[in-house]
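Participant: What shape does this take:
(chains A and B)
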Amino acid sequence: MAGDVLLEARGLTKRFPGVLANDSVDLLLHRGEILGLLGENGAGKSTLVKMLFGIHQPDEGDIYFKGQAVTNDGPGEAIARGMSMVHQHFQLVPPLTVAENIVLGNEPISRGFFNKRAAEKRVREISEQYGLTVEPTDVVGDLPVGIQQRVEILKALYRGAEMLILDEPTAVLTPQETDELLVILRQLAADGVGIIFITHKLREVLAVTDRVTVLRQGKGVGTAETANSTSASLAELMVGRSVVLRVEKDEAAPAEPVLIVNDLHVRDDRRQLVVEGATLQVRAGEILGVAGVEGNGQRELVEAITGIRPIDTGSAVVDGTPVGSKPRAVRELGVAYIPEDREKDGLVGGYSIADNLVLATYYEEPFASRGVRDFDAVAQQAEELVEQFDVRTPSINTPVQSLSGGNKQKVIVARELSKENRLVVASQPTRGVDVGSIEFIHNQLITARDAGAAVLLVSAELDEIFGLADRIAVIYEGRIVAELDPTTTTREEVGLFMAGGG
Amino acid sequence: MTEQNPSWQRQLVVPILAVVLGLLAGALLILLTGDNPLTAYGGLMAGSLGSAEGIGRTLDKATPLVLGGLAVAFAFKAGLLNIGGQGQLLLGAVFAAWAGFDFDLPAIVHIPFALVIGGLAAALLGALSGYLKAKRGTHEVISTIMLNFVAANFTEWLVSRDGPWKDPDGGAIARTPAILPSAEFPRVGELPTGFLVAVLAAVVIWWIVARSTLGFEIQTVGANPNAARYAGISVPRIIIIAMTISAFLAGLGGAIQTQGVIGRFEPGFNTGLGFDGITIALLARTNALAVVPAALLIGGLDAGSTLMQSRTNVEPEIINVIQAFILFFVAAPSAVRWLLRLRNAADEPEVQLAGGWGA
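Facilitator: Take a look at the predicted model:
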């Protein structure tokens, strides 16, 4: 299966001011091989591939491509050599057709004009050659994300890519789309393309790669044959200690309903109705997991429940009190909220950890009295919570923006879950968080449940939903289309509902 | 606590170097025009600090600058750029004059009464900009700039030939009657007491920002309005409050100008004072306490320029050039570091007053 060496990197080192992002990393990729690149957030995966792709220049070390030492002075040179990269955020022009997007920058020209027919013909040829079905005349903006990703891959192949780097390609896909992508990657490898597959999802690494290189804190800590690896062994390499991947939890003991959402309609920022008749209940002492592909109204649903976004019609009621449009009033009902976008909505980057921990309670006793802040009380709470929630930081006065993703999230979790809650709304609580912190955050959510809170968990990660939820609700186009029991349903069934089938 | 101060000595480095570089650049220009920069700067020093009278003049000049600087710095904490200081100052000046000539009160009441009337008139104008921003999404830069024109023309009309507050003894001059002596800020020797009010305002504003829950709310809205909203802070309310207080401060500056320096409202005497607030706030890196020395510096340059001109042939406009250089170096700390090969301070907070359109 694997052929001769396609790419070799030796001793790549990259320093940024104050950070050693990559410390003498080696990497080897053969033709026809899929290499998983695994690591926690901030382990240096992105820096490494950006050096390979010419976006960054290595401070030390050499890159050999097809046996020759190369320096890529920018992505343009890398592409010309046959290296390509599919970014997490697609680089497509939505109003153009599939064919136009694919040939963009290297268009077939006849008599000085763009030859659209030739472009479509060529796209059809490659698409058949690699088994990547697309319709060249479709407008890209109208296509589902999975197909747009195919267009990105075709774009690379059109430019004669012999090596393909995929940066977290499955983050935006449904389980079905993910499975399709993995099949496509195997076909490409069979055709001799070398693939570097960046991910933090162990399941996908095990499913599709031939070998895995693991980075930790900028260093390559090992390369393993996938066939000889298990989730546990890879997680241990990634984190540097053994990790409990299965969440330990007791049977839920649900009591009275805390949150009742009835026929809720909510509009997004563009005034479009994106929650269209959602109905659900969460009882005290249970976790309701809301599964769905991103962009099906989850964000607007939780923002309406927490009072941040106005409700169009319908109702959301917490302990008998209808939720209005005052976030503070909702909080004071005993609602905790872990927002989906922690940097944008959950934290003030320049503020200290201590101040972020009182972001919602700064005005209450003992943190203030008569409008005057009590910094001693703020600091004392911060010391306690940093300890209790295992936030790794030099001091409570450290600005949160200098913490890692996992520690930032722990600051939010500490702020939200350290108080007594009736309802916990957690939206993508472990996105972009390292494995060790995921374990911790999951246990905190279970603890909140066991203390009698109702927990509404919104997640695009099926592993998270299956690991935590006592009941699963699937959201599709703003409606709850199925309620399922995690002990009897399957990933496939949930995935089908997520895609609008079923 | 909330303001992340790496160390205050470090924060001083760039502004001080900026002043030094600004003066050096000015010296170069004076040299080019054929004059001796040492003589010129000697005159500048003597005029601003060389005598009790000179110091008094410096303090007079600095007073509206302190308040104008505070106005800009305070609004900036909430992420707002108040360009309306000039209009707000004019309203403060004319209303303080009205309260000063139209009411007869004992000095102990009259002085603060006129001061507060001036401040409140300006605050209303600021509240309008705040309301437009909070409820209608009108960018505060646009609304405050436009309201500058409204305020300028309105105050001019008030004292024009047909205006209600025209000085009947003024002949063709557009101005209010002189305020009663009971509304005037007294001078203790050469020390204008209005300056003390300005310093007090700086301390109060610093305390509000650093210590009060309101200050925390204002800074949170300024740093990350989304997070503020998620944490339950009412962003529109804070925007209105911040603009109101900011304008109140600018209005106080105008009132003290009327009550402590001019003795009445006469439009030409207040030209440009409100805009200098932006310079001061930048120089002070929006720290309320640092606004005082920054205003003293700019006020001193201004106060000394007359003597400088009489000793040399240097036009007083050179002062504007020096100010512009200082501002340039403050606004571009990396330029200063590069010029002086200072080590890069990654923890240095950058003050950016530009940008933020459509935010």
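Participant: contacts and neighbour counts: CA atoms only from here.
Facilitator: Fine.
Participant: where exactly do the helices run in the stretch 201-350 of chain B?
Facilitator: B:213-223, B:225-230, B:235-256, B:273-283, B:288-311, B:317-331, B:333-340 (DSSP state H, counting those that start in this stretch).
Participant: May I see the ones you listed organised as a markdown table, with mean neighbour count and mean pLDDT added?
Facilitator: Conversion of those to a markdown table gives the following (neighbours: other Cα atoms under 10 Å in any protein chain shown; pLDDT from 0 to 100):
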| stretch | mean neighbour count | mean pLDDT |
| --- | --- | --- |
| helix B:213-223 | 24 | 96 |
| helix B:225-230 | 24 | 94 |
| helix B:235-256 | 29 | 96 |
| helix B:273-283 | 26 | 84 |
| helix B:288-311 | 22 | 89 |
| helix B:317-331 | 20 | 83 |
| helix B:333-340 | 15 | 66 |
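Participant: OK, contacts around residue B:67?
Facilitator: Neighbour list for residue B:67: B:198, B:201-202, B:249-250, B:252-253, B:277 [criterion: Cα atoms under 8 Å, 6 or more residues apart in numbering or on different chains].
Participant: quick one: which helix or strand includes it?
Facilitator: Counting by DSSP states H and E, the secondary-structure element that holds residue B:67 is helix B:52-77.
Participant: Now do that helix against helix B:235-256, angle only.
Facilitator: With axes from the mean of the first three to the mean of the last three Cα atoms, to 10 degrees as the basis, helix B:52-77 and helix B:235-256 are set at 170 degrees to each other.
Participant: So which residues on chain A come close to chain B?
Facilitator: Those residues of chain A that sit near chain B, judged by Cα under 8 Å from any Cα of the partner chain, are A:308, A:326-329, A:331, A:344-348, A:350-352, A:355, A:359-360, A:362-363, A:368, A:371-373, A:375, A:397, A:399.
Participant: Show the low-confidence segments of chain B, by residue range.
Facilitator: Low-confidence segments of chain B, defined by pLDDT under 70, are located at B:1-10, B:333-359.
Participant: Report the central residue of it.
Facilitator: Of all residues in chain B, the one closest to the mean position by Cα atoms, centre = their mean is residue B:68, 1.9 Å from it.
Participant: Do I have it right that that residue meets residue B:255?
Facilitator: No - here residue B:68 does not reach residue B:255: they are 11.7 Å apart, not a contact under Cα atoms under 8 Å.
Participant: Common neighbours of the two, please.
Facilitator: A shared contact of residue B:68 and residue B:255, defined by Cα under 8 Å, 6+ apart, is any residue touching both; here these are residue B:89.
Participant: Let's see the distance spanning stretch B:101-110 from one end to the other.
Facilitator: 10 Å (Cα to Cα, to the nearest Å).
Participant: Check stretch A:156-163 too.
Facilitator: End-to-end distance for stretch A:156-163: 9 Å, by Cα to Cα.
Participant: just to revisit the earlier point, quick check: closest non-adjacent residue to the residue nearest to the centre of chain B.
Facilitator: Across the structure, with Cα to Cα, 6 or more residues apart in numbering or on different chains as the measure, the residue nearest residue B:68 apart from its sequence neighbours is residue B:277 (4.3 Å).
Participant: Buried residues in the host helix or strand of residue A:436, which are they?
Facilitator: Following DSSP H and E, the helix or strand that holds residue A:436 is helix A:435-450. Taking 16 or more other Cα atoms under 10 Å in any protein chain shown as the neighbour-count basis, helix A:435-450 is seen to contain the buried residues A:435-446, A:448-450.
Participant: Let me see the mean pLDDT of it.
Facilitator: What helix A:435-450 shows for mean pLDDT is 90.
Participant: which residues sit against that helix?
Facilitator: Here helix A:435-450 has contacts from A:40, A:235, A:239, A:243-245, A:247-249, A:252, A:284-287, A:406-407, A:410, A:413, A:417, A:421, A:424, A:429-430, A:455, A:468, using Cα under 8 Å, 6+ apart.
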